[in-house]
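1. Curious how this folds, go ahead:
(2 chains)
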Amino acid sequence: MAQWWSSLFAGMSPASFFNFSFIPKYASFFTRGIAYTLLLSVISVALAVVPALVLALMRLSKYRAVRSVAGAYIAVFRSTPLLVQLSIVYFGIFNAIRLPNTQLFGFVKLSMFIPGVVALALNSAAYVAEVFRGGILAVDAGQNEAARSLGLSSWQAMSLVVLPQAIKNMLPAIANEIVTMVKESSICSTLGMMELMWGAKTVGATTYITLSPYVLAAMIYFCINYPAGKAIEAIERRMRRGDRR
Amino acid sequence: MATDDKILIRVEHLTKVYGNGSIVALSDCNLAVERGEVVAVIGPSGSGKSTLLRSLNLLETPTSGAVYFEGTNLADKNVNIDLHRRRMGMVFQHFNLFPHKTVKQNITMAPVKLKVLPAAQANRRAEELLARIGLSDKANEYPAMLSGGQKQRIAIVRALAMNPDVMLFDEPTSALDPEMVGEVLDLMKSLAQAGMTMVIVTHEMGFAREVASRVVFMADGAILEEGTPAEIFDHPKDPRLQDFLSKVL
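-> As a prediction, the model looks like this:
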């Protein structure tokens, strides 16, 4: 099987686009890379949701100081490159904290994975916070007033009346953030996290097949994100149809 | 401060300024509402009627002045406004029913969440209220399925479910198609006849004349004249009121 496969690519240059002769031997770099990438991105966004909600509510606070703190956080994380944030988190914060040497699933080293997830989540929180804020503002102010006029507290009005209506507007944007994170998490390869981009780089360096591993990585990223994007669109359409306003 | 037991709401020197003092929405308003009274607030648009009404339950925070409700100054920052809002029902121009909740859930949410009534009792009360307005069959519908008049009547009973001491109406019929105004006014009239204290911002002069025990005329953020419907509509003294009535009657 492996022999038949490599015969398909016999005589191809190492620099050619579609020299996939490395696949049988190095498939695990890509399968584990996919798993690592998905773990990084999904967990990061999931972890970002609660801080993002807190940030969004802070941004909508009536107290200027509270608004400014959240605003500053969002400004910093949106105005600096993710790679810089990642490096600062990895070499700065997690240099001081000792992490366990445990490996998840036998290949996800927690001492690397955790700083990666933390950096991505901190970054994601800034973007998701703005999604939340937009979603909350899109709900008619009268909804909040009606809830408050009945005697509900501001948190009850938010959690019982405003957020359930806002979430419908926000879900597609949050799903979109996961797609963005699937792509952006490739930056973690620079620190040696064994995600998909790292797999491609390593295979290229080992086999001297310089181009095709990246082409394969691109195809895999596309095959994850394009259907995901289409699925999000479909969900969005369904939500609009069921709109009961 | 208000000591008179008959007085439910007393507004003293209420002023509301927007921006950096550039827009004066209310200037030195004084008003007392007795228990069982139906006060209609009329005046041209932009006169501050709605701002005054919304100040009564602190949906608008006064810049200065006091709003006494059952003897407590609601404008005092140390007052827990949520506790007092339970006793003040409010009805909005645009209904503001919760679109993600059924009609019944709209009515039971506040009493249950605020632990005013146990769920079973709140349900029973919602059913009684819906029966009273003839909309029992809509209990499990969502607001989107209802007409404007039905929505507003449900918004009224949603406020009534909290068993309030006063009902505040902010132009309750202004967003309705003409043929639906009557059903909402009829419900309000029956409330008034049952002795509910009501403050109503309205453009329905006929209704104000018929139902109100007192009419308040506002212009430019100030209360210019108040009196019985007969005094206001038949013998207006303030030239602004005379001018206003000549346009709307």
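2. which residues touch the most centrally placed residue in chain B?
-> For chain B, the residue nearest the mean C-alpha position is B:Leu168 (1.6 Å; C-alpha atoms, centre = their mean). Counting by C-beta atoms under 8 Å, 6 or more residues apart in numbering or on different chains, B:Leu168 makes contact with B:Leu53, B:Leu56, B:Asn57, B:Met88, B:Gly89, B:Met90, B:Val91, B:Met198, B:Val199. Yep, even glycine has a C-beta here, placed from its N, CA and C like the rest.
3. What about chain A: which of these touch it?
-> Among the contacts of B:Leu168, the ones lying near chain A by C-beta under 8 Å from any C-beta of the partner chain are B:Asn57, B:Met88, B:Gly89, B:Met90.
4. who wins for most neighbours among those residues?
-> B:Gly89 (29 neighbours; other C-beta atoms under 10 Å in any protein chain shown).
5. can you list the residues of chain B near chain A?
-> Taking C-beta under 8 Å from any C-beta as the measure of proximity, chain B contacts chain A at B:57, B:59, B:82-86, B:88-90, B:92, B:94, B:96-100, B:109-110, B:113-114, B:142-144, B:155, B:158-159, B:162.
6. For the residue nearest to the centre of chain B, which three-state class applies?
-> For B:Leu168, the assignment made with DSSP: H, G, I helix; E, B strand; the rest coil gives strand.
7. and the residue nearest to it when sequence neighbours are not counted, what element?
-> Distances taken as C-beta to C-beta, 6 or more residues apart in numbering or on different chains place B:Met90 nearest to B:Leu168, at 4.6 Å, with adjacent residues excluded. Assigned by DSSP states H and E, B:Met90 belongs to strand B:88-91.
8. quick one on the thing from earlier: tell me the one of the contacts of B:Leu168 nearest B:Lys189?
-> B:Met198 (10.2 Å; C-beta to C-beta).
9. right, and that closest one touches B:Pro164 too?
-> No - taking C-beta atoms under 8 Å as the definition, B:Met198 is not a contact partner of B:Pro164, at 10.3 Å.
10. Helices of chain A, start to end?
-> A:2-8, A:23-59, A:64-79, A:82-87, A:94-96, A:110-138, A:141-149, A:154-156, A:163-184, A:196-207, A:212-241 (DSSP state H).
11. what's the second one packed up against?
-> Packed against helix A:23-59 by the contact rule (3 or more C-beta pairs under 8 Å, 6 or more residues apart in numbering or on different chains; DSSP states H and E) you find helix A:2-8, helix A:64-79, strand A:108-109, helix A:110-138, helix A:163-184, helix A:196-207, helix A:212-241.
12. how far does it sit from the chain's center?
-> The gap between where helix A:23-59 is centred and where its chain is centred comes out at 5 Å by C-alpha atoms, centre = their mean, to the nearest Å.
13. Taking helix A:196-207 as reference, get the angle to that helix.
-> Angle, helix A:23-59 to helix A:196-207, by axes from the mean of the first three to the mean of the last three C-alpha atoms, to 10 degrees: 150 degrees.
14. what about helix A:23-59, average pLDDT?
-> Per-region confidence: helix A:23-59 scores 94 on mean pLDDT.
15. Okay, now the unreliable bits of chain A?
-> Within chain A, the stretches with pLDDT under 70 are A:241-245.
16. so what's B:Met88 up against?
-> Contacts of B:Met88 were listed using C-beta under 8 Å, 6+ apart, and they are A:Ser149, B:Leu56, B:Asn57, B:Phe69, B:Pro164, B:Asp165, B:Val166, B:Met167, B:Leu168.
17. let's go with 6 Å and repeat that
-> B:Asn57, B:Pro164, B:Val166 (C-beta atoms under 6 Å, 6 or more residues apart in numbering or on different chains).
18. With pLDDT added, can I get those in TSV?
-> Putting the contacts of B:Met88 into TSV (pLDDT from 0 to 100) gives the following:
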residue	pLDDT
B:Asn57	95
B:Pro164	97
B:Val166	97
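19. quick check, nearest of those to chain A?
-> Among those, B:Asn57 lies closest to chain A (C-beta to the nearest C-beta), at 6.0 Å.
20. Leaving out the residues flanking it, which one is nearest to the closest one?
-> B:Met88 (4.7 Å).
21. where's the one you found relative to A:Glu184, distance?
-> From B:Met88 across to A:Glu184, the span is 50 Å (C-beta to C-beta, to the nearest Å).
22. what comes into contact with stretch A:192-199?
-> Residues contacting stretch A:192-199 (C-beta under 6 Å, 6+ apart): A:29-30, A:33-34, A:36-37, A:40, A:112, A:116, A:185-186, A:188-189, A:217.
23. Same question for stretch B:74-83.
-> A:Gly151, A:Ser153, B:Leu58, B:Pro62, B:Ala66, B:Val67, B:Thr72, B:His84.
24. average model confidence for the one helix or strand the last one maps to?
-> Following DSSP H and E, the helix or strand that holds B:His84 is helix B:81-85. Within the predicted structure, the mean pLDDT of helix B:81-85 is 96.
25. Show me how far it is from its chain's centre.
-> Centre to centre, stretch against its chain (C-alpha atoms, centre = their mean), the figure for helix B:81-85 is 15 Å.
26. just stretch B:135-142 next, same as before
-> Worked out by C-alpha atoms, centre = their mean, stretch B:135-142 lies 24 Å from the chain centre.
27. where exactly do the strands run in chain B?
-> Using DSSP state E, the strands of chain B run over B:7-18, B:23-34, B:38-42, B:64-69, B:72-73, B:88-91, B:166-170, B:197-201, B:214-219, B:222-227.
28. what's the most buried one of these?
-> Of the strands of chain B, the one with the most neighbours on average (mean count of other C-beta atoms under 10 Å in any protein chain shown) is strand B:88-91, at a mean of 27.
29. Direction included, what does that strand pair up with?
-> strand B:166-170 (parallel) (DSSP bridges).
30. Check what pLDDT the residue nearest to the centre of chain B gets.
-> We have a pLDDT of 98 for B:Leu168.
31. Same check on B:Asn20?
-> Model confidence at B:Asn20, given as pLDDT, is 81.
32. how many neighbours does it have?
-> 6.
33. Chain A against chain B: which residues are in contact?
-> A:Gly142, A:Glu145, A:Ala146, A:Ser149, A:Leu150, A:Gly151, A:Ser153, A:Val161, A:Pro164, A:Gln165, A:Arg244, A:Arg245 (C-beta under 6 Å from any C-beta of the partner chain).
34. List only those of those residues flagged as buried.
-> A:Glu145, A:Ala146, A:Ser149, A:Leu150, A:Gly151, A:Ser153, A:Val161, A:Gln165 (16 or more other C-beta atoms under 10 Å in any protein chain shown).
35. got the contact list for the last one?
-> I take that to be A:Gln165. A:Val139, B:His100.
36. same deal with the third one?
-> By C-beta under 6 Å, 6+ apart, A:Ser149 lies in contact with B:Asn57, B:Arg85, B:Met90.
37. Quick check: chain neighbours aside, which residue is closest to it?
-> Nearest one to A:Ser149, counting by C-beta to C-beta, 6+ apart, is B:Met90 at 3.9 Å.
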